[in-house]
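Asker: no FASTA, just this:
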């Protein structure tokens, strides 16, 4: 029976055994998945698997089992590979059957050659995803995952395969050029990589490799993830956790110096452009390959709560947390009230904003979004920046977007298709679901937006209003729906649309904002912060409903409100108050609306509007 070291350090050995035992009845692929699922379901076994997110690549053994928590940034074209192939010794005629799944290069016994005319050759298809770490993932998330890891890793020494290997792409080259091999079995038109042409035998890139992260300053590994089953279930921007076999073969690097200088010789030898080869076959030392055995789509990346709440453990966790939910809410309200300079109403609204999420779509209307404009932020004290820092301590992923004229005119917000490299070039708005985007409008200065700035402003407005981003494919635009929480911090009313404007009324005026915020964060116990993080993530995932009786009562109440004040009460007000009531109910642990929560929602909305009216009187005609 294989031990832990076998399936962690030598998963291909496990696959080989299962292939030999089950290749006749073609059950070996299913058996492989079942084997690793069984191992990983063993209590705590997932923590034994090293993660690309927190273990440097040179510490990981090639062909070992690793995991990766990532976002799908791009999807490349499907590729063909030899799922099963036969090698033959030309002298002795001895033949051996091999599997090609979970590999980038074809393994041959010494003195063996691939028999392309073999009737046992099976050509299969796999999909390649270009995956990156979750954009804007908080440092506390990374630290929690790293601290939970029990993987034992050591710096790997030079890795020398004990078998002669050739890349699948070399094999495909034979398919494309029959003159190179008299007898062959077609496996499909794939590009040809020729790393052995380089004089020094190593792989280099002609230019600096762009890892294509959406957010500036991001760090972490990018990875080419090879998916073999159900790849149609995944889409761009999905968050995945994948378990698979690490491949760092030097032969996988695409363009070599000699290739680029020689123009690749015969134009028929490779159909791809130099730029496309450079992007799709980067050095494996920078962008490793990961052959997926098991993959799951993640609803969240909060390491403090269960991955799923559909099983008994998840349901038990929710019941347990419900017993302290009211206490945690009160503590969080107090914490945010201090962060918002003593403004309890703004803190109440901020909690509701942070637990909001798009739970459904009706035609083009996203239901559940609650974009908040916190106006009245002090302009000259870096208050907005420090407020962002507080929020980053609470949510799993976030990004502060300083809305300076330079950023608006020069940054790329909208992802676009680069056809010369055949890849999707990322933009700031290519974010995973449940990311908090904090737009700092207090840094906006006088000046003029150029055409790119206008496009960026329009894209940001569309994200807020419709929760979608129109990716630029040159000849057309493609709509990508998203679920991003947008908080706009501004001095006056924001230039951007919002679902709710709350004007900040500071009750505290600290002499030094930075010292005040640093003190607030330093005195917060890690255990208390973790409770806040659990609370905010958990409530975004809760179900919610409204009974028929309450629905009827709300409709009657709305009719009465319209009779009393027909000018100021609109259908938009009703929609906003229903969203407010939903979030208010969830914030206290209730999954259905009650009359009490509806009344409380109306009270909060009334206080917010009253404050805005007072501010208009103070500022004259300012909206």
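Answerer: Ah, there it is. Note that the structure is a prediction, hence the values are computed from the model and not measured.

Asker: tell me the centre residue of the protein?
Answerer: residue 71 (3.1 Å; Cα atoms, centre = their mean).

Asker: State the distance from that residue to residue 215.
Answerer: 11 Å (Cβ to Cβ, to the nearest Å). Heads up, the C-betas are built off the backbone N, CA and C, glycines and all.

Asker: Now for those two: what residues contact both?
Answerer: Counting by Cβ atoms under 8 Å, 6 or more residues apart in numbering, the shared contacts of residue 71 and residue 215 are residue 135.

Asker: Helix or strand for the residue nearest to the centre of the chain, just tell me which one.
Answerer: Element membership of residue 71 [criterion: DSSP states H and E] is strand 65-75.

Asker: Packing partners of that strand?
Answerer: helix 4-9, strand 122-132, strand 223-227, strand 239-247, strand 289-297, strand 423-425 (3 or more Cβ pairs under 8 Å, 6 or more residues apart in numbering; DSSP states H and E).

Asker: What is the distance between that strand and the centre of its chain?
Answerer: Put simply, strand 65-75 sits 8 Å off its chain's centre (Cα atoms, centre = their mean, to the nearest Å).

Asker: helix or strand right after that strand?
Answerer: The first helix or strand that comes after strand 65-75 along the chain, using DSSP H and E, is strand 79-88.

Asker: what's around residue 590, how many residues?
Answerer: 16 (other Cβ atoms under 10 Å).

Asker: Let me see the contact set for it.
Answerer: Contacts of residue 590 by Cβ under 8 Å, 6+ apart are residue 597.

Asker: Let me know the secondary structure of it.
Answerer: Here residue 590 is recorded as coil under DSSP: H, G, I helix; E, B strand; the rest coil.

Asker: if we can go back for a sec, state the distance from the residue nearest to the centre of the chain to residue 343.
Answerer: 35 Å.

Asker: go on, residue 108?
Answerer: In this structure, residue 108 and residue 343 are 71 Å apart, going by Cβ to Cβ.

Asker: So for those two, which residue has more residues nearby?
Answerer: Taking other Cβ under 10 Å, residue 108 and residue 343 do not tie; residue 343 has more neighbours (24 against 19).

Asker: Can you give the distance from stretch 340-349 to the centre of its chain?
Answerer: That offset, for stretch 340-349, works out to 31 Å (Cα atoms, centre = their mean).

Asker: which residues touch that stretch?
Answerer: Stretch 340-349 has contacts (Cβ under 8 Å, 6+ apart) with 333, 336-337, 339, 350, 372, 374, 387, 500, 502, 504-510, 604, 607-608, 611.

Asker: which residue ranges form the strands in the stretch 301-450 of the chain?
Answerer: Here the stretch 301-450 of the chain has its strands, by DSSP state E, counting those that start in this stretch, at 360-362, 365-367, 372-375, 398-402, 416-418, 423-425, 436-440.

Asker: which one of these lies closest to residue 470?
Answerer: Judged by Cβ to Cβ, the one of those that comes nearest to residue 470 is strand 416-418, at 10.4 Å.

Asker: Give me the buried positions along that closest one.
Answerer: Buried residues in strand 416-418, counted by 16 or more other Cβ atoms under 10 Å: residue 417.

Asker: Report the rounded mean pLDDT for that strand.
Answerer: The pLDDT scores in strand 416-418 average 96.

Asker: now swap in stretch 583-601 and tell me
Answerer: On average, the pLDDT along stretch 583-601 is 95.

Asker: Next, the distance between the ends of it.
Answerer: End-to-end distance of stretch 583-601: 9 Å, with Cα to Cα, to the nearest Å as the criterion.

Asker: Just the buried residues of that stretch, please?
Answerer: Those would be 583-587, 589-590, 593, 597-598, 600-601, for stretch 583-601 by 16+ other Cβ under 10 Å.

Asker: Can you name the next helix or strand after the helix or strand of the chain with the lowest mean pLDDT?
Answerer: Taking mean pLDDT, DSSP states H and E as the measure, the chain has helix 257-262 as its least confident helix or strand, at a mean of 34. Downstream of helix 257-262, the next assigned helix or strand under DSSP H and E is helix 274-280.

Asker: helices or strands up against that following helix?
Answerer: If you count contacts as 3+ Cβ pairs under 8 Å, 6+ apart, helix 274-280 packs onto strand 423-425.

Asker: Please list the residues outside the strand it packs on that contact it.
Answerer: With contact meaning Cβ under 8 Å, 6+ apart, strand 423-425 is reached by 73-74, 76, 130, 212, 236, 276, 279-280, 412, 415-418, 471.

Asker: Buried subset of those, written for PyMOL?
Answerer: A single PyMOL command selects the buried members of these (16+ other Cβ under 10 Å):
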select buried, resi 73+74+76+130+212+236+276+279+280+412+415+417+471
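
Asker: so residue 98 sits in a strand?
Answerer: Yes. With three-state DSSP as the criterion, residue 98 is located in a strand.

Asker: and it, what are its bridge partners?
Answerer: Beta-bridge pairing of residue 98 under DSSP bridges involves residue 85.

Asker: OK, contacts around it?
Answerer: Residues in contact with residue 98 (Cβ under 8 Å, 6+ apart) are 84-87, 106-108.

Asker: if you set the cut-off to 7 Å instead, what comes out?
Answerer: For residue 98, the contact set (Cβ atoms under 7 Å, 6 or more residues apart in numbering) comprises 85, 87, 107.

Asker: Among those residues, which one lies nearest to residue 63?
Answerer: Once Cβ to Cβ is applied, the member of the contacts of residue 98 that ends up nearest residue 63 is residue 107, at 10.8 Å.

Asker: Give me the neighbour count for that closest one.
Answerer: Number of residues near residue 107 (other Cβ under 10 Å) recorded here: 21.

Asker: Repeat that for residue 607.
Answerer: Residues lying near residue 607 (other Cβ under 10 Å) number 14.
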